[in-house]
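K.L.:
Requesting a structural model of the entry that follows:
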Amino acid sequence: MRLSIRTRITLGSVVVAALLLLVALVIVRAQVALVLTEADASLASSDLTSFVQDISADPDGEVETPDIVQASVIADDIVTADVLATAIVAGGLDALDDLLSRWPVDALVVGRDGSLRATPGFASAAGVGR
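P.N.:
The predicted structure is shown next:
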């Protein structure tokens, strides 16, 4: 079976995109490991897949799109890190700002548009921009 040039280019683009995503994930994982090594703390992450069944709809039947799809929190203990990571994903950007002002933790969040936002402590240790 011979594939057309258009099909080959499309398949090639998908493969290249998948490889780039894999490289990005490896880099982020290495940065998180570096932060944990330097911080001597606990890390917990929460993501939108935890809330797929709980996403609410407004009266017009429109699904609310969350601001944050993934959050990683570094705290002194794992319970605090886990609770705050979950609260940030569930509450979005408003919860992020509120919780970070109340708790001495560092966080890295991924927005629904793929943007990264990190606290200064997380950013300086991991080399991630705010």
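
K.L.:
next SSE after the lengthiest strand in the chain?
P.N.:
When the chain is parsed with DSSP state E, its longest strand is strand 68-75. Counting by DSSP states H and E, the next helix or strand C-terminal to strand 68-75 is helix 78-102.

K.L.:
Sketch out the strands for the protein, chain order is fine.
P.N.:
Applying DSSP E to the chain gives strands spanning 42-47, 68-75, 106-111, 116-118.

K.L.:
Give the other helices and strands that the longest one contacts.
P.N.:
If you count contacts as 3 or more Cβ pairs under 8 Å, 6 or more residues apart in numbering; DSSP states H and E, strand 68-75 packs onto helix 5-39, strand 42-47, helix 78-102, strand 106-111. No exception for glycine: its C-beta is placed from N, CA and C like everyone else's.

K.L.:
what pairs with the last one, and is each one parallel or antiparallel?
P.N.:
With DSSP bridges as the criterion, the sheet partners recorded for strand 106-111 are strand 68-75 (antiparallel), strand 116-118 (antiparallel).

K.L.:
most packed of those strands?
P.N.:
strand 68-75 (a mean of 24; mean count of other Cβ atoms under 10 Å).

K.L.:
related to what we said a few turns ago, include distance to Ala18 and mean pLDDT when you put the strands paired with strand 106-111 into CSV, please.
P.N.:
Listed next are the strands paired with strand 106-111 as CSV, based on distance: least, Cβ to Cβ, whole Å; pLDDT from 0 to 100:
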stretch, distance to Ala18, mean pLDDT
strand 68-75, 19, 87
strand 116-118, 20, 87
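
K.L.:
So which of these is nearest Leu96?
P.N.:
strand 68-75 (6.7 Å; Cβ to Cβ).

K.L.:
now this structure, which segments are flagged as low pLDDT?
P.N.:
1, 3, 5-9, 11-12, 32-41, 43, 48-65, 125-130 (pLDDT under 70).

K.L.:
rewinding a little: go through the helices and strands packed on strand 68-75 and pick out the most buried.
P.N.:
Using mean count of other Cβ under 10 Å, strand 106-111 ranks as the most buried of the helices and strands packed on strand 68-75, with a mean of 22.
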